[in-house]
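Chemist: test case, fold it:
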Amino acid sequence: MAVKVRIPTPLQRLTQGKEEVEGVPGTIIGLIQDLDKRFPGIAERISEGGKVRRFVNVYVNEEDIRFLDAENTPVKDGDEVSIVPAIAGGE
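Modeler: Numbering: from 1, shown residues only. Have a look, this model is predicted:
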């Protein structure tokens with residue numbers, strides 16, 4: 001069993017159109033780096049300098065990593081990770 005990673009629509013072109021991919025257990029930043037090995041370019045859109053970008057929200061089992069251990073939040077087999085780009089707009 002692996003970590004289930006939900007990919008937002010704007011990044012699916014990097015994952016060959018897949019909405020969900022599998023990742024390796026470890027930490028969030030390790031998971032992002034592993035994804036980048038298989039889907040080049042995804043890490044630079046999610047993270048910068050070892051940190052998740054400010055306008056990208058990441059959830060582990062529906063819990064915001066900002067309220068856990070941020071990039072060092074552990075992920076284990078069976079966990080679900082959701083990557084959600086923040087949406088801004090308005091008048």
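Chemist: so how far is R13 from G30?
Modeler: Distance from G30 to R13, counting by Cβ to Cβ, to the nearest Å: 24 Å. No exception for glycine: its C-beta is placed from N, CA and C like everyone else's.
Chemist: who has more neighbours, these two?
Modeler: G30 (16 against 11; other Cβ atoms under 10 Å).
Chemist: grab the nearest non-local neighbour of the more buried one.
Modeler: Nearest residue to G30, sequence neighbours excluded (Cβ to Cβ, 6 or more residues apart in numbering): V24, at 7.2 Å.
Chemist: show me what the host helix or strand of V5 is packed up against.
Modeler: Using DSSP states H and E, V5 falls within strand 3-6. Packed against strand 3-6 by the contact rule (3 or more Cβ pairs under 8 Å, 6 or more residues apart in numbering; DSSP states H and E) you find strand 20-23, helix 28-38, strand 80-85.
Chemist: so for the shortest one, what gets flagged as buried?
Modeler: What it means is strand 20-23. Judged by neighbour count (16 or more other Cβ atoms under 10 Å), strand 20-23 contains these buried residues: V21, G23.
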